[in-house]
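[1] Sharing a sequence plus its predicted fold:
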Protein chains: 2
Amino acid sequence: MQEDRRLAVLRAIVEDYVATEEPVGSKALVERHHLNVSPATIRNDMAALEEEGYLAQPHTSAGRVPTDKGYRLFVDRLSTVKPTSSAERRAIATFLDGAVDLDDVVHRSVRVLAQLTRQVAVVQYPSLSHSTVRHVEIVALTPTRLLLVLILSSGRVEQRLIELEGELAEADLAALRSRVNLAATGEVIAEAAAALNALINPEPGSPAPSAVTVSVVDTLVDAMSDHRSDERVVVGGTANLARFGDNFDTSVRPLLEALEEQVVLLKLLGEATGSGAVTVRIGAEGPYQELASTSVVATGYGPDDALASLGIVGPTRMDYPGSMAAVRAVARYMSRILDEN
Amino acid sequence: MQEDRRLAVLRAIVEDYVATEEPVGSKALVERHHLNVSPATIRNDMAALEEEGYLAQPHTSAGRVPTDKGYRLFVDRLSTVKPTSSAERRAIATFLDGAVDLDDVVHRSVRVLAQLTRQVAVVQYPSLSHSTVRHVEIVALTPTRLLLVLILSSGRVEQRLIELEGELAEADLAALRSRVNLAATGEVIAEAAAALNALINPEPGSPAPSAVTVSVVDTLVDAMSDHRSDERVVVGGTANLARFGDNFDTSVRPLLEALEEQVVLLKLLGEATGSGAVTVRIGAEGPYQELASTSVVATGYGPDDALASLGIVGPTRMDYPGSMAAVRAVARYMSRILDEN
DNA sequence: CATTGGCACTCGCTGGAGCGGAGTGCCAGA
DNA sequence: TCTGGCACTCCGCTCCAGCGAGTGCCAATG
């Protein structure tokens, strides 16, 4: 009974603090939320919560502020799952439906996510490794120059140019094209690469592959295992950092630096990929001390949520339910668009 | 004679103010620079310069600060052209030489520029409109599905898929391919588009073009006139905003907002394209009042500096000679790389 | 035993006073 | 035309007092 009220108090404090950005005191609390008890009672509860590490005081005789542990409890047990408002849905739909290609989808998603949450938004490009091969095209630009085009299910298109030693007959080209497509089309990248490699490492006894085949396959496999493009991330809504309030140096600066470091960003997002739910990292829970005053709300998208991740980064003092709802909604919509495509 | 000294005083004030970020007084000035006159003399000069609008006082009895007009004079007439240091050259070279494709070149350029100037760097993607067509490829993925690949001199590759009403014979495809390449290859985008259009709008009397030809040409022309990709910009070094010092709201916030608005960015950079020299916009000289406390140093790159622009954005109180040197150096190096390519 | 009202206490914030110092403008003299 | 001297301005800092929000503790109550 008292335990229930304590949790209610914690929830109320988190909500008020997020809204007002000011330490919240016992009196204000009983007024804003209609808890049918006196401020003194609340004070006892608050003292207990502080004892357990869920609350902290900036200084003696100020109101209470949630600790990271407090936010964690709030996120895990107290926040009511906010359904996405229909206005939000419409915003996402109208924003994303106009997208013309993959680049566009990603950029629009960042924008809409930043706008909805009023935080910094981050979207990772669909990773190569979970895409399947839709088609491979081999084109002779000149008799000694081939253009390889690799079309993936995520909408990504990779192309490579190769120079040949000798000329290649059109008939051989057609044969090579069909063999390659037979091996790769429809397969997940990793398996496609393996199947292609099998073409140039035949069982003993079969005829050795031609030099052209070797170089084409090598180039394709190289393109498939080129994880550089896996690392692409798009950031948006940095202007929202302006509302970060005080302590520019301790909060905003390290965050700006992190946003420039794609590696860090990917690591922050990475935890969320494929988890099937919205992941929340609060304050110093991650390995980056500099980001102790920021939280990350992220989730995967695409089939099985495993294609790549997207999310937002903001102060620990953020609207978690709202952010989580927005992140999830955008991720779902993106998955759907990529799927239809 | 006095006129010369006055300009020397202005130059000294700009340099000191940029270095110290504090209003500079007459006494400090004679000490740091070995002007062989007394502080009182300097004060007279400063009063005159203020009268003419080159200097301002934050308040009575504080040191002087350059006005936008003062910076303008400094940039136009007083700054000695700083040759790029060999260390800088090496940094640029090692940074950019590792680039593997166009995306990579652009991203690396942003980073190196941000690093050299310690400001926010902005690089625009090579514009379609100044590229020439290197090659057009038409591939039948299936008998009724064509893949069009448009390869441009800037390294950009655009591809489009089209569905045909009926099937297309291989021989017809080859003929179409060679006609299209004959018309477009080597031409600047605009002329290539015109030449292609001529193919489907023949003089009266000639045979009417086939439906396939029409749809291929239409798609190619569409891809060529798709200026969406002209508008791509990459921003880097936002972490340098942290050194902006005070007045977060009046300086950093509008700048962050501007950086999110590609349109604004492009306009800022746009003035510089093709001018053949480094352009400097100081404070409120542009149309954006919100950016009154920021300056833009930009230049074009590519052949005739007309391909696209790059530059930096920073506080009006910035190291103009150094920034200009860095911007020019990076632009030259980029031009060279794109040219070799 | 949880809850409540009362009460003394803590401590940050605000605003005004006072002071030091950097810098200026002006003037008379070289 | 330049220079030294001098009075003046005004910003920024510190100190101090008063205020108020908020707390912790305690004794009383159902």
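    Received the coordinates, thanks. The structure presented is a predicted model; accordingly, all values stated were derived computationally and were not measured.

[2] With adjacent residues omitted, what lies nearest to the closest residue to DNA strand D within chain A?
    Closest contact between chain A and DNA strand D, by C-beta to the nearest atom of the strand, is at A:G25 (2.7 Å). Placement of C-beta: from N, CA and C, glycine included. Nearest residue to A:G25 in three dimensions, chain neighbours excluded: A:G63, at 4.0 Å (C-beta to C-beta, 6 or more residues apart in numbering or on different chains).

[3] residues contacting that neighbour?
    Residues in contact with A:G63, defined by C-beta atoms under 8 Å, 6 or more residues apart in numbering or on different chains, are A:22-25, A:28, A:57.

[4] again with A:P83
    Contacts for A:P83 (C-beta under 8 Å, 6+ apart) come out as A:A325.

[5] Also the one 5 residues further on?
    In this structure, A:E88 makes contact with A:116, A:325-326, A:329, judged by C-beta under 8 Å, 6+ apart.

[6] Angles on the backbone of the residue of chain A closest to DNA strand D, please.
    phi -100, psi 170 (degrees, to the nearest 10).

[7] for the one 10 residues further on, same thing?
    A:L35 has phi and psi values of phi -80, psi 130 when expressed as degrees, to the nearest 10.

[8] wait, doesn't it sit right on A:L29?
    Yes: the criterion here is C-beta atoms under 8 Å, and A:L35 meets it with A:L29 at 7.1 Å.

[9] Could you tell me which residues touch both of these two?
    A:9, A:12, A:42.

[10] any idea which of those is closest to B:A194?
    A:A12 (68.8 Å; C-beta to C-beta).

[11] so what's the backbone phi/psi at A:E22?
    When quoted as degrees, to the nearest 10, the phi and psi of A:E22 stand at phi -130, psi 150.

[12] The nearest residue in space to it that is not next to it in sequence and DNA strand C: what is the separation?
    Excluding its sequence neighbours, the residue lying closest to A:E22 (C-beta to C-beta, 6+ apart) is A:G63, at 7.0 Å. Going from A:G63 to DNA strand C by C-beta to the nearest atom of the strand, to the nearest Å gives 11 Å.

[13] was I right about A:R177 contacting A:E137?
    Yes: counting by C-beta under 8 Å, A:E137 is a contact partner of A:R177 at 7.3 Å.

[14] Can you pick out the residue with more neighbours from the two?
    Each of A:R177 and A:E137 has its neighbours counted (other C-beta atoms under 10 Å in any protein chain shown); A:E137 has more, 21 against 16.

[15] Restricted to helices, list the shared contacts of A:L35 and A:L29.
    Among these, the ones falling in helices (DSSP state H) are A:9, A:12, A:42.

[16] Can you tell me, leaving aside adjacent residues, what's nearest to the second one?
    Taking C-beta to C-beta, 6+ apart as the measure, A:A12 lies nearest to A:H33, with 4.7 Å between them; neighbours along the chain are not counted.

[17] Which parts of the stretch 1-150 of chain A are helices?
    A:2-20, A:26-32, A:39-51, A:68-73, A:86-97, A:102-117 (DSSP state H, counting those that start in this stretch).

[18] rewinding a little: out of the ones in helices among the shared contacts of A:L35 and A:L29, who has the most neighbours?
    Per-residue neighbour counts (other C-beta under 10 Å) across these peak at A:V9, which has 27 neighbours.
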